[in-house]
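Visitor: Here is the input, now give the coordinates:
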Amino acid sequence: MASSATERMGKWPAHGWIGLALIAVFWTLNWSLPGLTHWGFFPLWLGYVLTVDALVFRRKGHSLLTRSPAAYAGLFLVSAPAWWLFELINLRTQNWLYLGEETFTTLQYALFSTLSFSTVIPAVFGTAELVGTWGRLKRMNPSLAVQPTSAVLGGTFAAGGLMLLLLLAWPNLFFPLVWCSVYCLIEPLNVKWGNRSLFDSLARGDWRPVIALSGGCLVCGFFWEMWNFYSYPKWVYRIPYADWLHLFEMPLAGYFGYLPFSLELFALYHLVAGLFLPGGNRHYLRLIGEEA
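Guide: Prediction:
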């Protein structure tokens, strides 16, 4: 199979052209026709995930979509409830709000939001795989190893619980902890239940999966914020003590939140996969350019 993947490298798959066409059409429509974004967000980001997947295929000879279309669809299914979890926490922190939300019924808002949220994990995981093909990252040597001992896992879980309590009790002060607390609560459970975990690589001193995920999410964050800027409906931010030096609607400091957010998505996906899929889909996501 490795040889066939090598033979496919350098080729541009058909779904890449579909992705580019969706981006061209819906980027234009979202920015030129106010009030369309609730229809246009999903096809725009579907275009992004298909284009990124095609770039990964071109560099590796395989990709998330081509390795398993069924598992790829599953990314969308897990993504929507995963982001709704953060929307639930935001009811307390109120760090972002949606302009134009008042024009929808509750059912309309839930349906359009769920459809839009379904693209988050496919976008981040696909971009992380693309980042993982970068030569410098692939050549990175092992460094500090972190073993998933009982003390480490127990401390991580306790820290996650404390962070969640602090941000719920004093949201204006501790709101950044939302981007760490969920990961710290879930990752020890993944280790305990035998699901895929970032500790699988950290125990060897291999930080490349963490870097690939963080870099991939930061790239997605740039496109989320850029495409949001001239769209409507759109989101805006209310970030205490960090609301300065904006890049699009997001304060620059807010972009740091994308780094740990990627780890939370990784943990959430593998928690769900461990519950519902045989073997927890441990080898589906390939972050460092492994051969098929």
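
Visitor: Look up how far residue 34 lies from the residue nearest to residue 99 when sequence neighbours are not counted.
Guide: Leaving aside its sequence neighbours, residue 99 sits nearest to residue 234 (CB to CB, 6 or more residues apart in numbering; 5.4 Å). Any C-beta I mention is one placed from the backbone N, CA and C, and that applies to glycine too. Distance of residue 234 to residue 34, computed by CB to CB, to the nearest Å: 10 Å.

Visitor: between these two, what contacts are shared?
Guide: When contacts are counted by CB atoms under 8 Å, 6 or more residues apart in numbering, the set common to residue 234 and residue 34 is empty.

Visitor: neighbour-wise, which of the two wins?
Guide: Neighbour count, other CB atoms under 10 Å: between residue 234 and residue 34, residue 234 has more, with 18 against 13.

Visitor: for that one, what are its contacts?
Guide: Contacts of residue 234 (CB under 8 Å, 6+ apart): 37, 98, 99, 100, 228, 249.

Visitor: So residue 186 sits against residue 266, correct?
Guide: No. Using CB atoms under 8 Å, residue 186 is not in contact with residue 266; the gap is 9.4 Å.

Visitor: Which one of those two is surrounded by more residues?
Guide: Between residue 186 and residue 266, counting by other CB under 10 Å, residue 266 is the more crowded of the two (27 against 23).

Visitor: Which residue is the nearest non-sequential neighbour of that one?
Guide: For residue 266, ignoring the flanking residues on the chain, the nearest one in space by CB to CB, 6+ apart is residue 213 at 5.7 Å.

Visitor: Look up phi and psi at residue 97.
Guide: The phi and psi values for residue 97, taken as degrees, to the nearest 10, are phi -140, psi 160.

Visitor: And the pLDDT at it?
Guide: We have a pLDDT of 96 for residue 97.

Visitor: which residues does the most centrally placed residue in the chain contact?
Guide: By CA atoms, centre = their mean, the chain has its centre lying nearest to residue 124, at 3.6 Å. Contacts for residue 124 (CB under 8 Å, 6+ apart) come out as 213, 216, 217, 220, 262, 265.

Visitor: I figured the fourth one was touching residue 125, is that so?
Guide: No. With the criterion set as CB under 8 Å, residue 220 and residue 125 do not qualify as a contacting pair; they are 9.8 Å apart.

Visitor: Compare those two (neighbour count), which wins?
Guide: Higher neighbour count among residue 220 and residue 125: residue 125, with 30 against 25, using other CB under 10 Å.

Visitor: Helix, strand or coil: sort out that one for me.
Guide: Recorded secondary structure, residue 125: helix (DSSP: H, G, I helix; E, B strand; the rest coil).

Visitor: State the distance from it to residue 135.
Guide: Separation of residue 125 from residue 135 (CB to CB) stands at 21 Å.

Visitor: What's the local residue count around residue 76?
Guide: Residue 76, neighbours per other CB under 10 Å, totals 18.

Visitor: Apologies, that question was intended for residue 107.
Guide: Count around residue 107 with other CB under 10 Å applied: 8.
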